[in-house]
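**Q** one predicted model, sequence on top.
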Amino acid sequence: MKRLLESVGLITVVCLSFFYTEKTVNVVKEYDDIMVAIKEKKDTNKLEPIDAKIEKNTIIPGIHGQKVNENKSYSKMKRYGSFNSSLMVYEEIHPNISVLNHLDKYIIQGNKEKNMISLIFLVQGNDQIDSILSILQKKEIQANFFVDSTWLEENETSLSKMITAGHNIGSLGKQGDYTDSDYPWVDNKIKTTTNQKFGYCYNEVEDIQSLKLCASYNNYTIRPNIIIESKPLIEVKEKISPGSMISFKVNDQTSTQLPLIIEYIKSKGYTLATLEEHLSE
């Protein structure tokens with residue numbers, strides 16, 4: 001019994017020792033010049049998140065904010081030996097209203113603050129695909145291809161090229177019909193073949209049934225704010241703005257004018273990005 005009491009007493013002393021040692025270390029850290037400087041600077045380095053903007057059945061993504069992680073920043077600077085603002089460690093602050101929680105809304109463009117543009121190509125035949133891919137490769141641009149079930153069945157090689165080049169792949173169901181029985185197969189094929197975080201559907205007009213169906217498969221639905229009809233370069237010049245998502249049909253005209261379109265977009269200071277990058281919060 002005596003030995004048991006001695007053991008319990010020893011364990012208690014050790015636990016109290018650890019507790020007070022940790023508490024002492026934390027108190028000392030709080031008054032360390034490095035930690036004091038971090039606390040003084042943390043508010044000036046904080047960025048508030050921007051909430052996604054919802055209007056009826058549409059949504060525009062928000063942008064995450066950031067705040068200083070005091071303890072991680074302190075650990076890095078302590079090893080360095082003094083306060084250094086370049087060693088600040090940040091953590092993200094997510095928007096309160098996010099596209100992640102509103103898959104039942106059409107995404108009509110990216111957030112203007114990011115100054116990005118996304119190029120979308122609608123693929124329902126094989127004409128000009130290799131030409132488009134070649135141009136994007138030469139220009140070092142990653143874009144977005146929406147494909148339908150018929151094309152997907154017959155063009156494994158082209159799909160592989162798109163994925164290898166880092167392009168995003170979206171679904172057109174069967175010739176734009178998401179209620180067709182082919183849609184689940186197309187959705188699964190894309191998700192298992194690519195490393196994308198999200199899946200994508202595409203609509204140009206209001207279609208609540210398709211919108212809800214795509215949301216049920218955990219996909220975003222894209223409704224671009226610029227849909228090219230007949231004069232790609234002219235229409236891009238007239239309509240482009242920060243956050244634009246530009247939709248092209250894959251044809252001779254798109255292929256011919258694409259190099260000029262890319263150069264024009266770059267000359268305006270925009271960054272060309274995939275939907276995954278453009279719509280991330």
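**A** Sure thing, it's come through.

**Q** chain center to stretch 94-106, what's the gap?
**A** Taking the mean of its C-alpha atoms, stretch 94-106 sits 12 Å from the chain's own mean (C-alpha atoms, centre = their mean, to the nearest Å).

**Q** list the buried ones in that stretch?
**A** Across stretch 94-106, burial judged by 16 or more other C-beta atoms under 10 Å covers P95, I97, S98, V99, H102, L103, K105, Y106. C-beta here means a position set from N, CA and C on the backbone, and glycine is covered the same way.

**Q** equivalent analysis for stretch 120-127, please.
**A** I120, F121, L122, V123, Q124.

**Q** so who does the first one touch?
**A** Listed by C-beta atoms under 8 Å, 6 or more residues apart in numbering, the contact set of I120 reads 143-146, 170, 202, 222, 224, 245-248, 275.

**Q** let's see it at 7 Å
**A** By C-beta atoms under 7 Å, 6 or more residues apart in numbering, the contact set of I120 is N144, F146, P224, M245, I246, S247, F248.

**Q** of all these, which two lie farthest apart?
**A** Based on C-beta to C-beta, the longest span within the contacts of I120 runs between F146 and I246 and measures 12.8 Å.

**Q** just the mean pLDDT for stretch 231-241, thanks.
**A** Averaged across stretch 231-241, the pLDDT comes to 97.

**Q** wait, stretch 249-256
**A** 94.

**Q** now it: buried residues?
**A** K249, V250, Q253, T254, S255.

**Q** per-residue pLDDT of the residue nearest to A52 when sequence neighbours are not counted, please?
**A** Computed as C-beta to C-beta, 6 or more residues apart in numbering, the closest residue to A52 that is not its neighbour in sequence is G62, at 4.2 Å. Looking at G62, its pLDDT is 97.

**Q** can you give me the neighbour number for G62?
**A** 21 (other C-beta atoms under 10 Å).
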